[in-house]
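Novice: just a sequence and a predicted model for now, questions to come.
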Amino acid sequence: MIDYQAETRRSAASTPDPERLTDHPMRRAGARLSLIMLVVPYCVVAVIATYPIIWQLNNGLPGRFSDQPFYIWAIDTFWMQIHAGTTPFWTDRVLYPVGANLMYATIAPFVSLLAYPFQSPILYLSIAVLVSLVGAAMGMAYLVQLLTQSTVAAAVAGLYYAFSPAVVSVISASHYYTAIAAALMPWGLAALVRFVSTGRVAPLIALSLTTWALVLTDYYITVIFLIVVVVVTVPQLAAQPARVPRVFIALCANGLLALLLIKAVLPPLNTSDLPPGGLGFTSTSNTNLADFLVPSLDNPLLGATFGPWAHDHYNNDVDSYFLGWGILTLAIGGIATNRRRIVFSLSVAALICMALACGTAIRWGVRELLTESRTPFYWFAQLPTLRELDSPRRFALGVQLLVATLAGMGLATIAQRVGRSVPILAAGMLLFTVEYGRLGMPVTTMEIPQVYRVLADRPGDRTLLELPSGITESKGGFGLDMKGGVQNGPYLSRIPQSTYTWFENEPIIGDLFTLTSTDGEWGVRHLDTLPDYPPDVVQRFSEVFRLGWVVLGPNPRQSRFAADVERLLGTRIVRREDVDWYVLYTLAE
């Protein structure tokens with residue numbers, strides 16, 4: 001084992017660059033061994049943190065009900081498009097006949113690609129979430145092992161990242177793609193550390209591959225990761241300019257690949273047509289600085305006492321981003337006792353991510369410190385392609401990544417000075433249990449409503465109109481396989497304003513969406529009942545949308561909607577079926 005402190009005390013003439021010690025063969029061998037030893041313990045902790053999903057892998061998904069139907073629909077649509085020989089990045093399976101550019105939505109093609117061997121998207125996603133937790137822990141352990149050569153510090157740092165309140169909260173809020181992307185970040189950072197330590201090509205390739213996997217999984221995590229990459233790489237290149245040519249070549253190669261994808265594979269993107277979240281989002285979907293020091297309400301030891309102090313919890317995004325009092329102290333200790341360039345860079349990156357996580361309203365408790373143009377996020381979001389970042393709170397995951405890394409380095413320093421591994425391991429795990437402990441999370445059972453099972457057995461490829469789901473959303477249609485048919489409804493996170501305008505101005509469909517929306521309002525319009533339409537307008541409506549079925553979901557106003565639909569479609573309705581709490585209309589061809 002390398003005595004790092006002894007190495008640094010040698011003369012500059014006889015000592016290699018300390019950054020190169022990161023990639024010493026002994027360190028890499030030790031990192032691989034530590035990963036092998038840690039798989040089983042991390043699996044056990046993952047099962048405990050997500051319990052009882054381990055018993056419901058076939059029909060349940062971890063977390064509260066939110067975006068699960070969309071994830072299932074996205075995976076199914078991805079492979080339906082591939083099997084049809086068309087691009088998986090555009091479909092008219094939703095928002096027919098305009099269709100949808102799925103690059104505006106969080107479809108995560110990297111995640112969908114890996115789903116191919118699985119028959120059930122539900123089973124796949126449940127397993128993917130568990131694997132992502134273990135992968136995140138192993139990635140952090142590998143990173144800290146490279147930086148410190150301390151297996152004890154590496155093992156504990158893996159817990160500090162993967163099972164932190166921030167990462168587990170993302171899963172509990174059912175943001176699976178964000179969690180999977182978060183699991184990739186420590187692996188990418190480890191590749192970056194190896195490159196800046198050695199200048200070799202292999203880690204640079206690994207860094208590029210990880211970045212592309214992030215690009216094809218989650219936009220927020222990609223931005224966070226790129227911030228860390230830039231902050232870490234620039235000072236390293238300034239100190240070692242001989243490595244600049246390789247970085248330049250890598251940038252050119254990745255730039256050409258991006259250009260090729262944009263021109264040949266991806267549908268055209270026009271982010272200026274997307275409705276921005278605006279200050280209403282960026283000043284509320286953000287962190288509160290004080291809450292970085294407030295334990296999660298789900299913590300069985302500290303939550304009941306301290307959790308209510310939080311000003312930003314149960315936000316259905318990152319419910320808690322508590323860094324831990326002791327763990328944060330370890331991170332500060334890691335900074336204070338280690339003068340390596342990379343430690344300073346990681347510290348700066350953590351502060352940048354924390355500032356951006358505060359969005360356009362930096363608060364400490366109830367006190368507002370800076371707002372709007374005085375905040376870093378306001379100006380950061382003005383950069384090209386960053387205009388759509390409307391949930392600054394996600395940047396807390398970047399803070400957690402860097403704090404866990406630095407805490408691991410602080411723990412390694414203590415272990416080295418104490419010289420006893422077992423007590424340090426026990427103390428580190430005790431600190432994790434007290435500050436980050438959590439027992440289980442809610443499970444959403446993905447039951448397919450019977451009406452969609454009925455539809456799945458019906459022949460034809462005409463469209464389904466779901467009401468009152470609205471223009472962008474369907475909570476039940478995820479289970480529908482219409483043998484190539486199309487749907488009008490599954491939730492999309494981003495829709496161009498031009499698409500909204502088209503549906504709003506289109507006769508009948510705009511009125512239907514207005515009538516069945518909350519309180520019968522859409523924008524400045526309000527409807528209590530549908531007007532009467534000339535027969536030719538109704539005929540055009542039926543032909544343009546190729547209507548085959550209409551489903552009315554459970555709603556207090558369902559009977560009123562049914563009366564309007566029956567008056568509108570009249571003799572085109574050949575059958576009405578009441579299936580549980582749904583009404584299904586079959587239309588004549």
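Specialist: Alright, I've got the coordinates.
Novice: low-confidence ranges, the stretch 351-500 of the chain, go.
Specialist: 469-493 (pLDDT under 70).
Novice: recalculate using a threshold of 50.
Specialist: 471, 475-489 (pLDDT under 50).
Novice: ranges for the helices of the stretch 1-150 of the chain?
Specialist: 4-9, 25-50, 68-83, 109-113, 121-148 (DSSP state H, counting those that start in this stretch).
Novice: can you tell me which of those helices is most buried?
Specialist: Mean neighbours per residue, mean count of other Cβ atoms under 10 Å, is largest over the helices of the stretch 1-150 of the chain for helix 121-148, with a mean of 25. Glycine gets a C-beta too; all of them are placed from N, C-alpha and C.
Novice: could you export the helices of the stretch 1-150 of the chain as TSV, including distance to residue 574 and mean pLDDT?
Specialist: Converted to TSV, these look like this (distance: least, Cβ to Cβ, whole Å; pLDDT from 0 to 100):
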stretch	distance to residue 574	mean pLDDT
helix 4-9	79	41
helix 25-50	47	82
helix 68-83	27	87
helix 109-113	37	93
helix 121-148	33	95
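Novice: ok, the most centrally placed residue in the chain - contacts?
Specialist: Nearest to the centroid of the C-alpha atoms of the chain, with distances taken as Cα atoms, centre = their mean, sits residue 178, at 1.6 Å. By Cβ atoms under 8 Å, 6 or more residues apart in numbering, the residues touching residue 178 are 170, 218, 220-221, 394, 397.
Novice: for the helix or strand hosting it, the distance to its chain's centre please.
Specialist: Residue 178 is part of helix 176-198, with elements assigned from DSSP states H and E. How far helix 176-198 lies from its chain's middle: 15 Å, per Cα atoms, centre = their mean, to the nearest Å.
Novice: what inclination does it have with respect to helix 121-148?
Specialist: On the basis of axes from the mean of the first three to the mean of the last three Cα atoms, to 10 degrees, helix 176-198 is oriented at 20 degrees to helix 121-148.
Novice: beyond helix 176-198, next helix or strand please.
Specialist: helix 201-215.
Novice: which helices and strands sit right next to that following helix?
Specialist: Using 3 or more Cβ pairs under 8 Å, 6 or more residues apart in numbering; DSSP states H and E, the elements in contact with helix 201-215 are helix 176-198, helix 219-239, helix 244-264.
Novice: those helices: which one's closest to residue 465?
Specialist: Of all the helices and strands packed on helix 201-215, helix 176-198 sits nearest to residue 465, with 28.2 Å by Cβ to Cβ.
Novice: now the closest one: mean pLDDT?
Specialist: For helix 176-198, mean pLDDT rounds to 96.
Novice: check stretch 318-332 too.
Specialist: Here stretch 318-332 scores 96 as its mean pLDDT.
Novice: report the buried residues of that stretch.
Specialist: 318-324, 326-328, 330-331 (16 or more other Cβ atoms under 10 Å).
Novice: residue 359 - that's part of a strand, no?
Specialist: No - checked against DSSP: H, G, I helix; E, B strand; the rest coil, residue 359 lies outside a strand; its state is coil.
Novice: please name the nearest non-neighbouring residue to it.
Specialist: Spatial nearest neighbour of residue 359, excluding adjacent residues (Cβ to Cβ, 6 or more residues apart in numbering): residue 286 at 3.0 Å.
Novice: same check on residue 361?
Specialist: residue 283 (3.9 Å).
Novice: ok, now which ones touch the one you found?
Specialist: 359-361, 371-372.
Novice: so which of these wins on neighbours?
Specialist: Within the contacts of residue 283, residue 359 tops the neighbour count with 29 neighbours, counted by other Cβ atoms under 10 Å.
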